[in-house]
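K.L.:
please work out how this folds:
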Amino acid sequence: MKVIIVGGVAGGATAAARIRRLDEHAEITVFERSGYISYANCGLPYYIGDVITDTEELTLQTPESFLKRFHINMKIHHEVISIHPDRKTVSVKNLENDEIFEENYDKLILSPGAKPTQPRLPGVGIDKLFTLRTVEDTFRIKEYINKNHPKSAILAGGGFIGLELAENLRELGMDVTIVQRPKQLMNPFDPDMASMIHNEMRKHGIKLVLGYTVEGFKEKDNGVEVLLKDNPSLQADMVVLAIGVTPDTALAKEAGLELGIKGSIVVNDRMETSVPDIYAAGDAVQVKHYVTGDDALISLAGPANKQGRIIADNICGGDSRYLGSQGSSVIKVFDMTAATTGINETNAKKSGLDVDTVILSPMSHAGYYPGGKVMTMKVVFEKETYRLLGAQIIGYEGVDKRIDVLATAIHAGLKATQLKDLDLAYAPPYSSAKDPVNMAGFMIDNIAKSTLKQWHLEDMDKICKDKSAVLLDVRTVGEFNRGHMDGFKNIPVDELRERINEVEKEKPVYLICQSGLRSYIASRILEGNGYETFNFSGGFRFYDAVVNDRALIERSYACGMDYKK
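P.N.:
Purely as a prediction, here's the structure:
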């Protein structure tokens, strides 16, 4: 059996190695147009920031090591320029000498990945305007920085690459600005959770220009001018386009393969394309979202590697299936960690799902053990069925652990109420006897049993104007005086029983505290005395972070986009 693989990074390299492990005699050739195979895309920003200093650390394998260990022919600087399904051949161009030749195959695997989205804007392609996708891109940016010592950079785009690069350029001492059309960074997160990412970026000196449309670029004063629609332009010594990626599927289109979202390659659950004996994996393919079942594009290394393995199994006579992508991801944001899995509340509602959420702020480990830090968790579930749909966590220690537990629970089909039943490891340096994941389950179980009724941030304007409601803040007097919602009366929870006659009994009571715990205790006191209560989801700490972030974003407009304020 002769197998040709187009692309030698995540999906392609994984498929090649797995085929060899299953078939010692298969003839396997990988064509990779860049000079590197099996490299760590996710590590590229950290090389630019000198966190990774050895270039060899960026490549997991080399053509020589692949040949020696797996007897696989890795042909770098070779670009497949056309596919001929009728005669089962590909045309290949040797980029070192421009020679073009044909190679036949029994099975063909397409793993071309995705390319940085290049908007059709004036000035795209000028010097000092970069993209970051390959090792060569990384070296180009690093060489420019080392040679020219730029003092400022603008990043167009606030996704994974944009945030990681912003952090690393800032750590090099550069003045960094992120500009993009959406009013939030990191779209996998809901806007309220993204506010905490914004705060961390601002805390470390990153300027955020959110909600502005880039219209073009100009060379100016030995730098780059970024033109914005209906607003003053920005200027920096260098600019990096990080506005997303587009499936690199020109080959597939020309070969007549069925295409889907944004020109991605349509595959079935065996990763087979519409043309026999041609498979595809990675960022170039359209997948099913594991939670919604909708068609999706999810550009992450984990799914690409799994898909490559599945292709290898099926080529070698097996019957492996790809169940869909869940979108589990984690990112370092300076001192913080932000992680997500499944779908967020925004996208769940767009999919037509009737959802609810819980927001909680547990400690990373037992409060009495030194060093614990607060994390913020948002868990999304379907009303009535309590199907677990997704989760977002932002904090410090233990974020990755909890998101992985929640990702596993979603994959296993657990209901959100069953999170309370999970038997999770506990020792004071690592967790609490009631793990944060269990705590989310307890809260959702309380909702299911009507022990807890909530009100949310989006209800704030309506509730604060409701004259038929009692608004009650149960934090301490000192906390209340440092900041509170307008219209709320302060009765500390520990004084509530003695002062309960101050709360009008014929009206619904809307409660808030710092994190949601004391207001829940207050709600049980009041409910036990015949009141109807609603607890604010997230607490004042969450409210304050979100509202202040929104004010900063909106103020940039009022100040004529003075994003330094």
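
K.L.:
contacts, neighbours, all on C-alpha from now
P.N.:
OK.

K.L.:
how about residue 104: which residues does it bridge to?
P.N.:
Bridge pairing for residue 104 (DSSP bridges) gives the partners residue 89.

K.L.:
the worst-scoring helix or strand of the chain on mean pLDDT: how far from the chain's middle?
P.N.:
Among the secondary structure pieces of the chain, namely its helices and strands, strand 114-116 has the lowest mean (mean pLDDT, DSSP states H and E), a mean of 84. Its chain's C-alpha centre lies 17 Å from the corresponding centre of strand 114-116 when counted by Cα atoms, centre = their mean, to the nearest Å.

K.L.:
strands paired with the helix or strand just after it, and their directions?
P.N.:
Secondary structure here is assigned by DSSP states H and E; on that basis, the next helix or strand after strand 114-116 toward the C-terminus is strand 129-131. Paired with strand 129-131 in the same sheet, following DSSP bridges, are strand 238-241 (parallel).

K.L.:
dump the strand it pairs with to PDB, restricted to CA.
P.N.:
What follows is strand 238-241 as a C-alpha-only set of coordinates in PDB (Å, rounded to 0.1, in the frame of the first residue of the first chain):
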ATOM      1  CA  MET A 238       5.300  46.700  13.600                       C
ATOM      2  CA  VAL A 239       1.900  45.100  13.000                       C
ATOM      3  CA  VAL A 240       0.900  41.500  13.200                       C
ATOM      4  CA  LEU A 241      -2.300  40.200  11.600                       C
END
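
K.L.:
now it: average pLDDT?
P.N.:
Strand 238-241 shows a mean pLDDT of 94.

K.L.:
buried ones in that strand?
P.N.:
By neighbour count, and taking 16 or more other Cα atoms under 10 Å as the criterion, the buried residues in strand 238-241 are 238-241.

K.L.:
contact partners of it?
P.N.:
Contact partners of strand 238-241, identified using Cα atoms under 8 Å, 6 or more residues apart in numbering, comprise 116, 118, 128-132, 150, 152-157, 223-224.

K.L.:
number of nearby residues for residue 381?
P.N.:
A count of nearby residues for residue 381, using other Cα atoms under 10 Å, gives 26.

K.L.:
so which elements touch whichever strand or helix holds it?
P.N.:
Here residue 381 is covered by strand 376-382, with elements defined by DSSP H and E. The elements that strand 376-382 packs onto, with contact taken as 3 or more Cα pairs under 8 Å, 6 or more residues apart in numbering; DSSP states H and E, are strand 355-360, strand 388-395.

K.L.:
my read: residue 17 touches residue 70, true?
P.N.:
Yes - judged on Cα atoms under 8 Å, residue 17 makes contact with residue 70 at a distance of 6.6 Å.

K.L.:
tell me which of the two has more neighbours.
P.N.:
For residue 17 versus residue 70, neighbours defined as other Cα under 10 Å are more numerous around residue 17 (20 against 17).

K.L.:
next one: that one from residue 341, what distance?
P.N.:
Noted for residue 17: a distance of 28 Å to residue 341, by Cα to Cα, to the nearest Å.

K.L.:
pLDDT on stretch 291-308, on average?
P.N.:
Model confidence over stretch 291-308 averages 92 on the pLDDT scale.

K.L.:
using PDB, write down the CA coordinates of it.
P.N.:
Once non-C-alpha atoms are left out, stretch 291-308 reads as follows in PDB (Å, rounded to 0.1, in the frame of the first residue of the first chain):
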ATOM      1  CA  VAL A 291     -22.400  19.300  22.000                       C
ATOM      2  CA  THR A 292     -24.800  20.800  19.300                       C
ATOM      3  CA  GLY A 293     -24.200  18.500  16.400                       C
ATOM      4  CA  ASP A 294     -23.900  21.600  14.100                       C
ATOM      5  CA  ASP A 295     -21.200  21.800  11.400                       C
ATOM      6  CA  ALA A 296     -18.200  23.700  12.800                       C
ATOM      7  CA  LEU A 297     -14.600  24.700  12.200                       C
ATOM      8  CA  ILE A 298     -12.500  24.100  15.300                       C
ATOM      9  CA  SER A 299      -8.800  24.800  14.800                       C
ATOM     10  CA  LEU A 300      -7.100  23.100  17.700                       C
ATOM     11  CA  ALA A 301      -4.100  20.700  17.900                       C
ATOM     12  CA  GLY A 302      -5.900  18.000  19.900                       C
ATOM     13  CA  PRO A 303      -8.700  17.300  17.400                       C
ATOM     14  CA  ALA A 304      -6.100  17.300  14.500                       C
ATOM     15  CA  ASN A 305      -4.000  14.700  16.200                       C
ATOM     16  CA  LYS A 306      -7.000  12.500  16.900                       C
ATOM     17  CA  GLN A 307      -8.300  12.800  13.300                       C
ATOM     18  CA  GLY A 308      -4.900  11.800  12.000                       C
END
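
K.L.:
buried stuff in it?
P.N.:
Along stretch 291-308, these residues count as buried under the neighbour rule (16+ other Cα under 10 Å): 291-292, 295-301, 303-308.

K.L.:
what is the burial count for residue 459?
P.N.:
Using other Cα under 10 Å as the criterion, residue 459 is surrounded by 10 other residues.

K.L.:
from residue 229, how far out is it?
P.N.:
Applying Cα to Cα, the value for residue 459 to residue 229 is 33 Å.

K.L.:
just residue 295 next, same as before
P.N.:
Taking Cα to Cα as the measure, residue 295 and residue 229 are separated by 32 Å.

K.L.:
now residue 49
P.N.:
Computed as Cα to Cα, the residue 49 to residue 229 distance reads 31 Å.

K.L.:
go on, residue 86?
P.N.:
Taking Cα to Cα, one finds residue 86 at 49 Å from residue 229.

K.L.:
between the two, which one's more packed in?
P.N.:
When residue 86 is set against residue 229 and neighbours are counted by other Cα under 10 Å, the residue ahead is residue 229, at 11 against 8.

K.L.:
isn't the more buried one up against residue 212?
P.N.:
Yes - applying Cα under 8 Å, one finds residue 229 in contact with residue 212, separated by 7.0 Å.
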